[in-house]
Each structure stands twice: as structure tokens, then as C-alpha cells.
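Participant: sequence below, structure please.
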Amino acid sequence: MSGVFWEQSTVERLLRHAVRHGRIARCYLFAGPDGVGKWPAALWLASALLESPDSPREASRVWAGTHPDWHVLFPVTKDHEREDIQAVWEAKRTDPFAVVRFAKRPYLTIDRVRETIDQLHMTAVEGRAKVVLIGGAEQMAHDTQTILLKSIEEPPPDTYFILSSADPGRLLPTVLSRCQSVRFAPVDPAAIAARLITARGLDPEEAETVAEICGGGWGQALRLCDPSLVQWRADMLSLWKAAFRSKTHELTATIESFFPAGSVKLRLDQALLAFDVWGALLKRECAGGSVKTGSRGQLADAQAAWECWQILQRGRAALYVNVAARMTVVATFLALRRRLGAGEPRVSGQGP
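Facilitator: Reported below is the predicted structural model:
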């Protein structure tokens, strides 16, 4: 299968069949982990509608983000909207699988969605179609989703929507019901590790660690190789180990060392990486214990695994509505530790 659909053969067959037979849905939901290939697949589909599915990428205005009937929205920070948009496009042009995260909470505002919808009621500039990609769709507030719902229920003529989401459960049921869901499966860690070794020159042990933590997305694996994040990733692994081998007062001191009260605010990208690491370790726990973590494989119980996953998902969602990232991350970690039966220490600034 082609590089655009790396390790997503089912998705490629589905979309190629739809294009070949003229059965393209008016609204798709591309659902799957960050960096798994939702963005390049959306670019391919938009190119098929606006240009040709066989257009060379270097000659494609869709891939370059310059086609007049190609509209792309994704969450950006309020303070640096223009710079963030430029940064995302630059990263995606370099590698369409790239994952870009910001130090502060990004938004998909109702004004930006309304502005795009208004443009869709105009005639297509080149007369073929109009295509809209909304990345990180789950980060739209409910009132913004409601505005969008009216358009995907009755799309303007020759208009197609693609919603992309790593957490589709946060979308309104009414929005979900109007979309044809396309599931992007997490890539086998062994395939990611092998590619990291051959394409990025990582040693096998480091490649295996990154592949376990990345959640099945090549773009996320690349992000985890960023030198600026390597130490933080190692710190979050160390904190997890400490949770199961330290006494309460020792663990309290350890948590304070990683998340000191009253210090500079924890960045959103750091908080999300912490959840990425812990989520990967929970997954390994379910499989009977984690390599390189010293964990005990104590999540063989399906109920415990499900409850821990829910704790992690609630914490991740809270990061997008709660400005206190430190409190969210610490509370999530302690809830996980408590569910695993290790007790819960008291941390400075933490409620009773």
C-alpha cells in the first residue's frame, strides 16, 4: 500500500473504492490516534475531489494548502493564532504524519467555524467541489458543534466535510450520526520500531520504548524523538516506577520534584506527553507487565483496566477545559495509583 496510507490498508481500500465508484460520503469522521495518518488520508481524498487522486504531491495545491476550494481548520492558541497555523502547515508539509502540540491550550472557536461555513455557501472557485477538513474536531465546544451540525445535515451543493478526531467520544451524538466513520487502527509497535531504526537511526532499545509510548501513531513517534522531550519522557517513566516502589512520604517528595507547587505552569504539551506515557504503560500492564518499567502486570482484571483507562481519558479531556494543567496531571496520576491499590499521598496544593 502507498505511503499516504502507511499501515492503513483497510482505510485505503475503502477510500479508493469510494472515489473509483463515485460513492463519496458528504461527511466523514476520520477517527484514530494522533499521527496515525488521518491528515494525509484527508489530503488524498480532498485531492481526489478537487484535482486527481493520482496528482503528484509536489504539484498538488491541496497538499500545499493553497487550493481555493480547500478549507482547513484545526485548534490553535488564541495568543498566537497566525504563528500556530503557519507552524502546523510547515510541519505537515515536511511530513503529513507530523503531530504538533502547543504549550498552551488550543481552541477551535465558533467564529472560525462560522467564517468557514459562510465561505461554503459561495460557488466553488474552480467549479468542481468544496472540501473542509476540521482537525481535532473533538476540541470544538458544544455550541460550535451545533453550528457545524446544521451544515453537515444539509451540506451546501458539492461540499464535503472531513472531521478528524483522536477522541470522537467528545463529539455530540447528533454530529456522529451524520458522519460516515472511518477507523484508523493503531500501528503495530513492532512496525513503528522497525521504521524508527531504519529511517531515523535509533538503537533497537530506544526504538522499542518510543514505539510502546507513541500510541500507534508514526507522527507521535517522531515527536517523541524530539531531543527537547526525551528527558521529560524518561521522567514520566521514572515517576510511574516510583509509584509502586516508594513509601508514601517518598512518593510525595518525588511528585513535588516533577510538579513543584508555585513553579512555572506545566505546559500543555508536557501534560499530554505524561498521559501518553502512562497510557502506554497501562496498556502494557493489561498484557501482563511492562518491559523496562518494573511494573507488576497487575491489570489482568478487565474491570480495573477499564477504570484506569477512564481515569486517564477524563484527565486528558480536563486539560482542554481546565487551565491548571499541573493539578489535572497530578490528580490523574494519584487516581491511577489509588485504583491500582497503592494508596494516595497528599501533595502540596492538592485537595483532601
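
Participant: per-residue pLDDT, Y320?
Facilitator: Taken from the predicted model, the pLDDT recorded for Y320 is 79.

Participant: kindly report the same for T248.
Facilitator: Turning to T248, the model gives it a pLDDT of 62.

Participant: do Q298 as well
Facilitator: Q298 is assigned 48 on the pLDDT scale.

Participant: now swap in P33 and tell me
Facilitator: Looking at P33, its pLDDT is 90.

Participant: quick check, Q139 in contact with T109.
Facilitator: No - applying CB atoms under 8 Å as the test, Q139 and T109 come out as separate, 10.2 Å apart. In this view, the C-beta of every residue, glycine as well, is placed from N, C-alpha and C.

Participant: who has more neighbours, the two?
Facilitator: Shown here are Q139 and T109; by other CB atoms under 10 Å, Q139 has more neighbours (20 against 16).

Participant: phi, psi of that one?
Facilitator: In terms of degrees, to the nearest 10, the main-chain angles of Q139 are phi -90, psi 0.

Participant: longest helix of the protein?
Facilitator: Taking DSSP state H as the assignment, the helix of the chain that covers the most residues is helix 268-286.

Participant: by contact count, what packs against whichever helix or strand comes after it?
Facilitator: The C-terminal neighbour of helix 268-286 among helices and strands, as given by DSSP states H and E, is helix 302-318. Judged by 3 or more CB pairs under 8 Å, 6 or more residues apart in numbering; DSSP states H and E, helix 302-318 is in contact with helix 268-286, helix 325-339.

Participant: pLDDT weak spots in the stretch 151-300 of the chain?
Facilitator: Applying pLDDT under 70 to the stretch 151-300 of the chain picks out residues 243-251, 261-265, 284-300.

Participant: ok so, going back, the longest helix of the chain vs helix 302-318, what angle?
Facilitator: 170 degrees (axes from the mean of the first three to the mean of the last three CA atoms, to 10 degrees).

Participant: just checking, what packs against helix 268-286?
Facilitator: Under the contact rule (3+ CB pairs under 8 Å, 6+ apart), helix 268-286 is packed against helix 204-213, helix 218-224, helix 227-243, helix 302-318, helix 325-339.

Participant: mind doing that once more with 7 Å?
Facilitator: Contacts of helix 268-286 with other secondary structure elements, assessed using 3 or more CB pairs under 7 Å, 6 or more residues apart in numbering; DSSP states H and E, are made with helix 204-213, helix 227-243, helix 302-318, helix 325-339.

Participant: how does the chain divide into domains?
Facilitator: Per the record's domain assignment (automatic domain parsing), the chain is made up of the domains 3-183, 226-339.

Participant: using JSON lines, lay out the ones you listed together with distance to C214.
Facilitator: Rendered in JSON lines, the data for the domains of the chain read as follows (distance: least, CB to CB, whole Å):
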{"stretch": "domain 3-183", "distance to C214": "7"}
{"stretch": "domain 226-339", "distance to C214": "7"}
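
Participant: check which residues of the strand of greatest length in the chain are buried.
Facilitator: Scanning the chain for the longest strand, with DSSP state E as the assignment, gives strand 159-165. Along strand 159-165, the positions that meet the burial threshold by neighbour count (16 or more other CB atoms under 10 Å) are 159-165.

Participant: swap in stretch 93-110?
Facilitator: In terms of neighbour count (16+ other CB under 10 Å), stretch 93-110 has its buried residues at 96-102, 104-110.

Participant: thinking again about what came up before, name the helices or strands packed onto the very next helix or strand once past the longest strand of the chain?
Facilitator: For strand 159-165, the following helix or strand on the C-terminal side (DSSP H and E) is helix 173-177. Applying 3+ CB pairs under 7 Å, 6+ apart, one finds that helix 173-177 makes contact with helix 142-153.

Participant: tilt between the helix it packs on and strand 159-165?
Facilitator: Between helix 142-153 and strand 159-165, the angle formed by their directions is 140 degrees, by the same axes, to 10 degrees.

Participant: I'd say L149 and V175 touch.
Facilitator: Yes - the criterion here is CB atoms under 7 Å, and L149 meets it with V175 at 5.5 Å.

Participant: what about these two, which has more around it?
Facilitator: Comparing L149 with V175 by other CB under 10 Å, the one with more neighbours is V175, at 22 against 15.
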